[in-house]
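Undergrad: model the following, please.
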Amino acid sequence: MQANRFGALKTPAFGLGFFFRIVGTASMAALFLVCTPSGAHESSESGAGIPVISSHFKAPSGIDIRVVQTTVNQFALATDGTHQVDILDPQGRAFIRLREGKVQADLNAAAWFRAQQPGGGKVPALLMAKKDLPPQWSTVAEQTGYGWYDKRLVDDPPKPFKLSLRVDGKRIVVPVAVSSKPVMHGFWQPEVTQSPDTELTAMIPGVSGSIILLSRPINSEKTLQVLDDQGQAFIELRKDGVWVNQHHKWFDQLKLYGKTGGPEDWIKVNQGHTVTYQDPRIQASWPDNHKETGHWSIPVVIDGNTTPGTVSGEVHWQAVKH
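TA: Reported below is the predicted structural model:
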């Protein structure tokens, strides 16, 4: 099958390949490699720099939120599928809701339409005229994470502000600070070049470093196993969701959530059909020389086939011009 690659995070809002503009229909997963750079100075003052979630903010268990810094800044939120999370506008009205493996939008909320474009999408005239319409919730995606634009993230110069969420009925304030920009010369960007079967979609979610997204069709009856270098399965995409071996030596590197610490090996980390995780083999393929190309491969087994297939790809150095 033809491999897919996301060159940017923003894609049409209602596509199932969308995962909040970074992670596809994904799970709580390791969707984020992008975070506050080491050595960057974080400030609560306005000025030159980049918006980041304050390092003082501690997200509730099973929830992760970041400012994803690519060509355009946007919020990216992931859950483990066990919480109801409402994203609130500055007036406190919920306009995006994540619950039970689905993303819902309040189509009567102006903030929903503004969240579709970096500088604020066009709001329908009816909502501009009648701002107190009751909520009209509609499912826009079946996934446990989402990404959206916020005009405040593209202010120039950036200014600190506060984002409000409601998690299981409790309001939570997420402080957004301004971090000074470190000198960045470039980054390693992976690319999928081969994927073995029509029952599997493999793609790289944006500027991801070592993160890969694997997905099986929603209506598929087949189980997909991701194998380690010894041929042992450590991730399974089953009909009822994504399962991970919490006792596997790679678990802590995968950046997946849900570890129970109990005696059972396999735990269910989300109810979807997609996993986005950090595979150590991709990062291990980064060459020492920026002029070289790295090669990586991930063996997979689909529905118990005796011969594993392979998701393989390359990594290339992407220089940043100053």
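
Undergrad: give the residue spans of the stretch 1-150 of the chain that score low on pLDDT.
TA: Scanning the stretch 1-150 of the chain for pLDDT under 70 picks out 1-48, 69-71.

Undergrad: tell me where it has strands.
TA: Per DSSP state E, counting those that start in this stretch, the stretch 1-150 of the chain carries strands over the ranges 4-5, 42-43, 50-53, 63-68, 74-79, 85-88, 94-99, 102-106, 137-141, 145-148.

Undergrad: could these be laid out in CSV, adding mean neighbour count and distance to Ser195?
TA: Where you see a C-beta, it was placed from the backbone N, CA and C, and this is true even at glycine. Shown next, in CSV, are these (neighbours: other CB atoms under 10 Å; distance: least, CB to CB, whole Å):
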stretch, mean neighbour count, distance to Ser195
strand 4-5, 15, 8
strand 42-43, 15, 39
strand 50-53, 21, 33
strand 63-68, 22, 24
strand 74-79, 26, 23
strand 85-88, 23, 32
strand 94-99, 22, 28
strand 102-106, 23, 26
strand 137-141, 16, 22
strand 145-148, 27, 22
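
Undergrad: list the buried residues in stretch 313-322.
TA: 313, 315, 317 (16 or more other CB atoms under 10 Å).

Undergrad: can you redo those as a markdown table with secondary structure, distance to Glu100 and pLDDT?
TA: Shown next, in a markdown table, are those (DSSP: H, G, I helix; E, B strand; the rest coil; distance: CB to CB, whole Å; pLDDT from 0 to 100):
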| residue | secondary structure | distance to Glu100 | pLDDT |
| --- | --- | --- | --- |
| Gly313 | strand | 33 | 95 |
| Val315 | strand | 37 | 93 |
| Trp317 | strand | 42 | 87 |
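
Undergrad: closest to Lys291 out of these?
TA: Relative to Lys291, the closest of these is Trp317; by CB to CB it sits at 7.4 Å.

Undergrad: tell me the spacing between the closest one and Trp188.
TA: Applying CB to CB, to the nearest Å, the value for Trp317 to Trp188 is 6 Å.

Undergrad: check His247 too.
TA: His247 sits 30 Å away from Trp188, going by CB to CB.

Undergrad: so which of the two has more stuff around it?
TA: Neighbour tally, His247 and Trp188, criterion other CB atoms under 10 Å: the higher count belongs to Trp188, 19 against 15.

Undergrad: right, and the helix or strand after whatever helix or strand the more buried one lives in?
TA: According to DSSP states H and E, Trp188 maps onto strand 186-194. Of the helices and strands lying after strand 186-194 in sequence (DSSP H and E), the nearest is strand 201-204.

Undergrad: what is that following strand packed up against?
TA: Strand 201-204 sits against strand 4-5, strand 186-194, strand 211-215, with contacts defined as 3 or more CB pairs under 8 Å, 6 or more residues apart in numbering; DSSP states H and E.

Undergrad: of the ones you listed, which is nearest Ala94?
TA: When these are compared by CB to CB, strand 211-215 sits nearest Ala94, at 27.5 Å.

Undergrad: can you tell me how far the nearest residue to Arg93 once chain neighbours are set aside is from Gly262?
TA: Nearest non-adjacent residue to Arg93, counting by CB to CB, 6 or more residues apart in numbering: Ala109, 5.7 Å away. Computed with CB to CB, the distance linking Ala109 and Gly262 is 41 Å.

Undergrad: higher neighbour count, those two?
TA: More neighbours surround Ala109 than the other of Ala109 and Gly262, with 24 against 9 (other CB under 10 Å).

Undergrad: distance of that one from Val123?
TA: 9 Å.

Undergrad: give me the domain ranges for this structure.
TA: Using automatic domain parsing, the domain parsing of the chain gives 38-179, 186-319.

Undergrad: confirm His247 sits in a helix?
TA: No: using DSSP: H, G, I helix; E, B strand; the rest coil, the secondary structure at His247 is coil, not a helix.

Undergrad: so who does it touch?
TA: Neighbour list for His247: Asp265 [criterion: CB atoms under 8 Å, 6 or more residues apart in numbering].
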